[in-house]
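>>> Generate a structure from the sequence data that follows.
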Amino acid sequence: RRSCRIGAAPGKPLTGWEPTPTEVLEALHSLYDDRVKPLGRIIIKRLHERSRSTTEAEALPKPKIDARYLRRLCERLQEVFLEPALGREFAVVFKHRRSAFVDITSPIDPYPAEFWDQVGAYLEGLDGEAALFPCCRYECASELLVRDLPFLAGKCLGEVLHIVQLATSERKLLGYTAGHMVPYEHCDERRKAQNAVKGLPSPAEQEEEDHDALPIASWAEIRDGLRFLLMDSKKPAPGAMAVASVKPRFRADLRIQLSDTALGHAKIADLLQDARLADVCSLSDDHSYVRMVEQPRSAAARARQIPEQPRPPPPPREVQAQGAWQLSARSCAAGEGRGSPATHRPGHCTPAASSK
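Numbers count the residues shown, from 1 in each chain. So this is what the prediction gives:
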């Protein structure tokens, strides 16, 4: 393992593990073999896996790899180039090796119904520790492959990653609870869906309500509360705020509990898209933040506007002519004072006759 930072000053204390170019290239080739696109965070996971392949290494704490170091190192490798990905993420691609990556985020399901029946039967039969999978999709897929399941025989890691994605999003066979991925029967989302049908707060919200003694917000209070919070919010933009902060802001700022399940929705994003809030707020395309809807002004509001003050009318023509005559007279008088002979021109005064 490499133990010196690229561009680091001599004698500077080092932290974490800085893999060598050879280790990074070997990790990239292994991800190509698994049909997994080498994103920066996936490369770090693969480097950890390869470094802990021995029993001695498994007993040691997982070394930390700096993503910035990894990116700088990959930029210097002649065999690869970097592609931009979502957010600050990046992908590392070989220049002269063909790729066959699986699109693990695709909603298209290429697997037959019999396959999903086998997956569902296996997950329903799990209990205790066996029903707890890592929360990360990559690590969950790796765990499923390690279990050597018959219905996953012959499938690569990229395909299993796609299966895990479909099982959580489309098939509702997996869900999340307490930092783990679990069979859907035991996940928080299912319990929330059941409470939404009954119009009850979720278990977590019930505990918070008992602890803080906060009332559950009604639709009218949600409408007023959202308008107030969005008008006051400046991040990520004026009149917008993150969806994840909506419930905490209701508790902290308004002292009421916003419960999506008590109002018939399993998710806060579904509640914010309810037709009863259509004139109050709207969600971003990725459902990450909520923004305020501009309210059209009524006719009465427009009538209450202060009208623009009219400009004063121009003076009459005779007033304009008199002003011009006076200005011309002053000019002529000034010319005589300087000894300049005055001549008669249209629009100017006629000088007084000299005495004979």
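>>> So which residues of this structure form strands?
Taking DSSP state E as the criterion, the chain carries its strands at 80-84, 90-94, 133-134, 174-177, 180-183, 240-242, 281-283, 289-292.
>>> For residue 144, find the nearest of those strands.
Proximity to residue 144 (CB to CB) singles out strand 133-134 among the strands of the chain, at 7.6 Å. Where you see a C-beta, it was placed from the backbone N, CA and C, and this is true even at glycine.
>>> Parallel or antiparallel, list what pairs with that closest one.
Neighbouring strands of strand 133-134 in its sheet, by DSSP bridges, are strand 180-183 (antiparallel).
>>> Let's test this: mean pLDDT of the partner strand, rounded?
Strand 180-183 comes out with an average pLDDT of 92.
>>> With stretch 279-296 instead?
85.
>>> Show me what counts as buried in it.
280, 281, 283, 289, 290, 291, 292, 293 (16 or more other CB atoms under 10 Å).
>>> And the furthest pair within those residues?
The farthest-apart pair in the buried residues of stretch 279-296, when distances are taken by CB to CB, is 280 and 289, at 14.6 Å.
>>> Would you list the phi and psi of residue 107?
Torsion angles at residue 107 (phi, psi; degrees, to the nearest 10) stand at phi -80, psi 0.
>>> so where is the protein shaky, pLDDT-wise?
Where the chain drops to pLDDT under 70, the residues are 1-16, 53-61, 196-212, 295-356.
>>> any idea which residue sits dead centre in it?
residue 288 (4.7 Å; CA atoms, centre = their mean).
>>> What distance do you get for residue 45 to residue 150?
26 Å (CB to CB, to the nearest Å).
>>> In terms of neighbours, single out the busier of the two.
residue 45 (18 against 7; other CB atoms under 10 Å).
>>> Now do the contacts for that one.
Residue 45 makes contact with 138, 139, according to CB atoms under 8 Å, 6 or more residues apart in numbering.
>>> any idea how far it is from residue 34?
Relative to residue 34, and taking CB to CB, residue 45 is found at 12 Å.
>>> my read: residue 30 touches residue 46, true?
Yes - with contact defined as CB atoms under 8 Å, residue 30 counts as touching residue 46 (6.2 Å).
>>> between the two, who's got more neighbours?
Taking other CB under 10 Å, residue 30 and residue 46 do not tie; residue 46 has more neighbours (23 against 16).
>>> quick one, what contacts that one?
When contacts are counted by CB under 8 Å, 6+ apart, residue 46 is found next to 27, 30, 31, 38.
>>> Over to residue 275?
Here residue 275 is in contact with no residues (criterion: CB under 8 Å, 6+ apart).
>>> neighbours around residue 41, how many?
Residue 41 has 15 nearby residues by other CB under 10 Å.
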